[in-house]
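Undergrad: sequence and predicted structure, then a few things I'm wondering about:
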Amino acid sequence: MVSGTGAGLYIHVPFCTSVCPYCDFAVTIAGEERRRAWVEGVIREAEMYSDIGLAFDTVYLGGGTPSSLDPEQLVQIVDGLRRNLDVDRQALLFLEANPEDVNPRNASAWRDFGVRFVSLGVQSFDDVDLAFLGRRHSATDARGAAEVLCETGFSTVSIDLIYGLEGRSVNHWRRQLDSALDLGVDHLSCYQLTVHEETVLGRRVANGAVTELGEQGLSNLFFVTHELLADAGFEGYEVSNFASAPKHRSRHNQKYWDHTPYLGLGPSAHSFAWGRRWWNRRKLRRWHGAVSEGRKPVEEEEWLSNEQLILEALMLGFRTAAGVDVNRLRERFAFDLLADNRDVVDQLCASGHIEVDGLRLRPTLAGLAIADTLARSFSV
């Protein structure tokens with residue numbers, strides 16, 4: 001754990017009003033009875049971890065669509081977490097929301113029970129894009145929702161956007177970014193459209209109905225994103241995440257990137273602590289069945305070797321603008337990254353992919369674009 005940093009708590013809310021064709025997450029469409037049962041179940045699961053020995057200073061309600069739950073149910077969840085786990089009273093609460101769920105009443109309720117960071121799943125400000133992506137909101141709905149959230153007084157309002165749709169120009173993507181910036185939000189998450197085989201979109205690609213954007217096109221959009229947002233004063237502190245000021249970075253997500261322990265509750269949720277990673281059953285019925293019987297709904301687990309942890313630390317570190325702290329690797333693993341990798345460092349510096357800042361290796365923008373490749377260049 002990073003010194004002075006608490007663990008992260010993630011709650012997977014598996015409900016959506018419809019399933020987007022590109023979505024690979026564990027989501028389902030369910031009525032009110034199953035939603036109530038899930039709320040009770042996730043609190044019971046939290047009770048099973050009451051002795052885990054972690055203190056949490058961030059709570060992230062993700063999914064799925066957490067905003068589709070009644071505010072009263074969200075309060076019930078947070079109260080149940082606080083009863084059963086060591087959650088700091090000042091813990092930062094994060095909430096993912098869809099535009100169709102945002103209205104002044106809901107936004108005020110979220111703020112009043114402690115939500116400080118709201119991530120709005122806009123994906124695009126173009127109605128044709130939204131139809132292709134299977135979204136239920138319009139571009140007008142998205143703008144209205146962002147305005148409501150900004151007016152409500154959250155500490156940070158973030159917008160999610162997706163790039164890489166075939167047939168869209170670079171200028172089209174620039175307009176999406178400009179639309180988000182015009183709303184005055186504090187944070188942006190810009191994700192490349194990823195095609196998963198088992199999704200509706202994956203099947204469309206497989207049968208030739210949809211064509212994927214090529215690697216060069218995706219690369220161009222990556223650089224355009226970072227350059228345009230940097231010009232607008234947004235720091236690209238991670239491959240896909242941009243903040244208008246350091247205080248607006250996602251403190252919760254940073255835990256994933258620096259190996260801070262985190263606990264995940266709900267179907268398919270992942271956890272990590274003390275070199276062990278485990279993940280829950282994906283199907284809601286199987287997850288709920290285990291919880292109802294008083295058993296942790298763990299599907300599988302793995303214990304990571306020092307070599308695996310070091311490689312992960314490099315992969316995760318090179319995804320961030322902060323890069324890799326050589327001293328921290330030495331303290332955690334008694335591993336001197338530079339001792340056997342001086343030639344690699346020199347080569348990556350010469351190629352313009354990393355910069356050496358004291359005992360920290362920082363990726364350049366070109367390095368961020370190939371973060372995983374950078375990590376695999378090193379001998380561990």
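TA: On my side now, so go ahead.
Undergrad: contacts for stretch 34-51, please.
TA: 11, 13-15, 30, 69, 73, 76-77, 80-81, 83-85, 263, 265-266, 284, 287-288, 291-292, 294, 296-297 (Cβ atoms under 8 Å, 6 or more residues apart in numbering). Any C-beta I mention is one placed from the backbone N, CA and C, and that applies to glycine too.
Undergrad: what's the distance between the nearest residue to residue 378 once chain neighbours are set aside and residue 113?
TA: Counting by Cβ to Cβ, 6 or more residues apart in numbering, residue 378 lies nearest to residue 341, which is 5.0 Å off, once chain neighbours are set aside. According to Cβ to Cβ, to the nearest Å, residue 341 stands 48 Å off from residue 113.
Undergrad: among the contacts of stretch 34-51, which lie within helices?
TA: 73, 76, 77, 80, 81, 83, 84, 284, 287, 288, 291, 292 (DSSP state H).
Undergrad: who touches the nearest residue to residue 367 once chain neighbours are set aside in this structure?
TA: Of all residues not flanking residue 367 in the chain, residue 353 sits nearest, at 3.9 Å (Cβ to Cβ, 6+ apart). By Cβ under 8 Å, 6+ apart, the residues touching residue 353 are 363, 364, 366, 367, 370, 374.
Undergrad: what strand or helix carries the residue nearest to the spatial centre of the chain?
TA: The centroid of the chain falls nearest to residue 253 when counting by Cα atoms, centre = their mean (6.0 Å). Under the criterion of DSSP states H and E, residue 253 resides in helix 251-257.
Undergrad: go on, residue 56?
TA: Here residue 56 is covered by strand 55-63, with elements defined by DSSP H and E.
Undergrad: list the buried residues of that strand.
TA: Going by neighbour count (16 or more other Cβ atoms under 10 Å), the buried part of strand 55-63 is 56, 57, 58, 59, 60, 61, 62, 63.
Undergrad: doesn't residue 99 make contact with residue 67?
TA: No. Taking contacts as Cβ atoms under 8 Å, residue 67 lies outside contact range of residue 99: 9.2 Å.
Undergrad: between these two, what contacts are shared?
TA: Contacts common to residue 67 and residue 99, judged by Cβ under 8 Å, 6+ apart, are absent.
Undergrad: which parts of the stretch 101-250 of the chain are helices?
TA: Along the stretch 101-250 of the chain, counting by DSSP state H, counting those that start in this stretch, helices occupy 104-112, 127-132, 139-152, 170-182, 200-206, 215-231.
Undergrad: so for stretch 199-217, first residue to last residue, what's the gap.
TA: Stretch 199-217 has an end-to-end distance of 23 Å (Cα to Cα, to the nearest Å).
Undergrad: now swap in stretch 231-247 and tell me
TA: Termini of stretch 231-247 sit 19 Å apart (Cα to Cα).
Undergrad: pLDDT averaged over that stretch - what is it?
TA: Averaging pLDDT along stretch 231-247 yields 98.
Undergrad: circling back: which of the contacts of stretch 34-51 are buried?
TA: Here, 16+ other Cβ under 10 Å leaves 11, 13-15, 69, 73, 76-77, 80-81, 84-85, 263, 265-266, 284, 287-288, 291, 297 buried among the contacts of stretch 34-51.
Undergrad: show the pLDDT at residue 2.
TA: 42.
Undergrad: with the one 5 residues further on instead?
TA: In this prediction, residue 7 carries a pLDDT score of 98.
Undergrad: about what we covered before: the residue nearest to residue 378: neighbour count?
TA: 18 (other Cβ atoms under 10 Å).
Undergrad: and residue 181, by the same measure?
TA: 17.
Undergrad: where does pLDDT dip in the protein?
TA: 1-4 (pLDDT under 70).
Undergrad: and it, what are its domain boundaries?
TA: What automatic domain parsing lists as the domains of the chain is 7-257, 309-376.
Undergrad: just the CA trace of stretch 311-330, in CSV.
TA: Provided in CSV are the C-alpha atoms of stretch 311-330 (Å, rounded to 0.1, in the frame of the first residue of the first chain):
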residue,chain,number,x,y,z
LEU,A,311,5.8,-6.7,-14.5
GLU,A,312,2.4,-5.4,-13.5
ALA,A,313,3.9,-2.5,-11.6
LEU,A,314,5.8,-1.6,-14.8
MET,A,315,2.7,-2.0,-17.1
LEU,A,316,0.6,0.1,-14.7
GLY,A,317,3.2,2.7,-14.1
PHE,A,318,3.9,3.3,-17.7
ARG,A,319,0.2,3.9,-18.2
THR,A,320,0.5,7.0,-16.1
ALA,A,321,2.3,10.3,-16.6
ALA,A,322,4.0,9.8,-13.2
GLY,A,323,5.7,6.7,-14.6
VAL,A,324,7.7,4.2,-12.6
ASP,A,325,9.4,5.0,-9.3
VAL,A,326,12.6,3.0,-9.2
ASN,A,327,13.0,3.5,-5.5
ARG,A,328,9.6,2.1,-4.7
LEU,A,329,10.3,-1.0,-6.8
ARG,A,330,13.5,-1.5,-4.8
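Undergrad: now the nearest residue to residue 309 once chain neighbours are set aside: how far from residue 55?
TA: With Cβ to Cβ, 6+ apart as the criterion, residue 309 has its nearest non-adjacent residue at 6.4 Å, and that residue is residue 275. Separation of residue 275 from residue 55 (Cβ to Cβ) stands at 19 Å.
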